[in-house]
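Colleague: Predicted model and sequence follow; I will ask about them next.
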Amino acid sequence: MFEHFFQCPYCWEEISVLLDPSVSGQTYIEDCENCCNPIEIRVSFENGELTSYEAVNIEQ
């Protein structure tokens, strides 16, 4: 597991998530720790290295 920092697509605050490099492709929902809005996170790893990271707002 390692910590990854990014900006919330709603409030633009820097927040962090823990990522598991043992799973090559991941998509999940995480609430912003600042504004509590849901963020869809898409992550890809190759050989334990982060190759793609996307955090997008979920229109509600």
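Modeller: On my side now, so go ahead.
Colleague: ok, the residue nearest the centre of the chain to I29 distance?
Modeller: The structure's the chain has its C-alpha centroid closest to I41; by CA atoms, centre = their mean the separation is 4.0 Å. According to CB to CB, to the nearest Å, I41 stands 7 Å off from I29. Every residue, glycine included, has its C-beta placed from N, CA and C.
Colleague: Low-confidence ranges, the chain, go.
Modeller: In the predicted model, the chain carries pLDDT under 70 at residues 60.
Colleague: Bridged to the residue nearest to the centre of the chain, which residues?
Modeller: Counting by DSSP bridges, I41 is bridged to Y28, A55.
Colleague: Would you check that it makes contact with S16?
Modeller: No: I41 is not in contact with S16 according to CB atoms under 8 Å; the separation is 11.6 Å.
Colleague: Where does V43 sit, in terms of helix or strand?
Modeller: According to DSSP states H and E, V43 maps onto strand 38-46.
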